[in-house]
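Asker: next one to model:
(one chain, ligands or ions: 1)
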Amino acid sequence: MKPGMVSIVGAGPGDPELITIKAMRRIQDADIIMYDRLVNEELLSYAKPGARRIYCGKSPGCHSMPQDKIEQLLVQYGAEGYRVVRLKGGDPFVFGRGGEEALAVAEAGIPYEVIPGITSAIGAAASAGIPLTHRGLAASLAIVTGSRCHEQNAPVRWDELARGVDTIAVYMGVSQLGFIREQLLLHGKSAATPVALLENGTTARQRIITGTLDNIDKLAVAMKVTNPALIIIGEVVKVREQLLHLQNDVKSQIV
Ligand code: SAH
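Answerer: Coordinates of the predicted model:
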């Protein structure tokens with residue numbers, strides 16, 4: 001049988017309109033769509049009638065379908081000749097395990113492609129009015145996971161980040177905010193460094209909480225910030241305030 005095609009597709013950060021045309025075309029043509037928890041389910045309504053939808057969602061600490069099972073199904077459906085869309089929140093290659101899935105299908109000799117998506121830090125920062133780089137304020141950006149704070153193997157180098165990077169975008173970090181704050185302060189970041197918490201970025205439920213490295217952990221608790229949320233650390237967070245002031249005169253899109 002002719003093998004099918006596995007498309008590993010980024011669905012974008014939450015707002016369903018923030019998907020690429022190419023990704024949308026793959027959704028419309030798919031026989032099978034295997035989608036994650038952070039994918040906006042509205043996107044599934046574009047699937048053709050009869051397409052199978054398989055939920056592979058994971059919430060933190062709880063896996064509804066183990067990763068090896070997902071990879072096995074991608075290989076199996078691909079080998080059976082189906083057009084499979086593996087639909088993931090944000091970008092599949094940014095903390096999305098898309099690389100592992102690409103390796104699994106490639107090893108099995110199944111044709112595959114990767115279609116990028118707008119990663120949540122880019123999407124959420126845009127709708128919060130926070131430019132991740134900004135002339136005079138930030139010339140570098142690091143995308144970091146907060147979920148490996150206590151790992152021995154590949155720990156995040158908070159010491160180097162504190163000294164060497166202007167804007168830090170932390171994914172999966174809200175539960176580790178106290179630790180992250182402590183590390184950055186310990187390694188020389190100023191307590192006055194602005195910080196933003198972006199919850200449900202780009203969606204109608206978006207919440208934006210701003211503070212400083214000094215108080216952000218207390219603010220997160222007080223405001224009951226929950227997943228999915230991003231931590232943006234750096235002087236660029238101040239630009240949001242500037243834009244909001246100007247917005248008093250000119251109506252724009254920043255919420
Ligand atoms: N591949 C995804 C990231 C998956 S890891 C991407 O490129 O965006 C999951 C983490 O992404 C969450 O813990 C959260 O930190 C972040 N995230 C995903 N969607 C988000 C959203 N709409 N608002 C804020 N953070 C989000």
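Asker: state which helix of this protein is the longest.
Answerer: For the chain, the helix with the greatest residue count under DSSP state H is helix 67-79.
Asker: so the closest residue to Tyr77 other than its chain neighbours, which of the three states?
Answerer: Spatial nearest neighbour of Tyr77, chain neighbours left out: Val84 (4.7 Å); criterion: Cβ to Cβ, 6 or more residues apart in numbering. Placement of C-beta: from N, CA and C, glycine included. Look at Val84: counting by DSSP: H, G, I helix; E, B strand; the rest coil, its state is strand.
Asker: and the residue of the protein closest to the ligand?
Answerer: Relative to the ligand, the nearest point of the chain is Gly90 (2.0 Å; Cβ to the nearest ligand atom).
Asker: and for that residue, the neighbour number?
Answerer: For Gly90, the count of nearby residues is 30 (other Cβ atoms under 10 Å).
Asker: can I assume it is in contact with Leu38?
Answerer: Yes. Using Cβ atoms under 8 Å, Gly90 is in contact with Leu38, at 7.1 Å.
Asker: name the residues contacting each of these two.
Answerer: Contact with both Gly90 and Leu38 is made by residues 11, 120, according to Cβ atoms under 8 Å, 6 or more residues apart in numbering.
Asker: ok, back up a step: quick check, pLDDT for the residue of the chain closest to the ligand.
Answerer: pLDDT recorded at Gly90 is 98.
Asker: same deal with the one 5 residues further on?
Answerer: The model reports Phe95 with a pLDDT of 96.
Asker: just checking, it touches Thr145?
Answerer: Yes. Phe95 is within contact range of Thr145, at 5.8 Å (criterion: Cβ under 8 Å).
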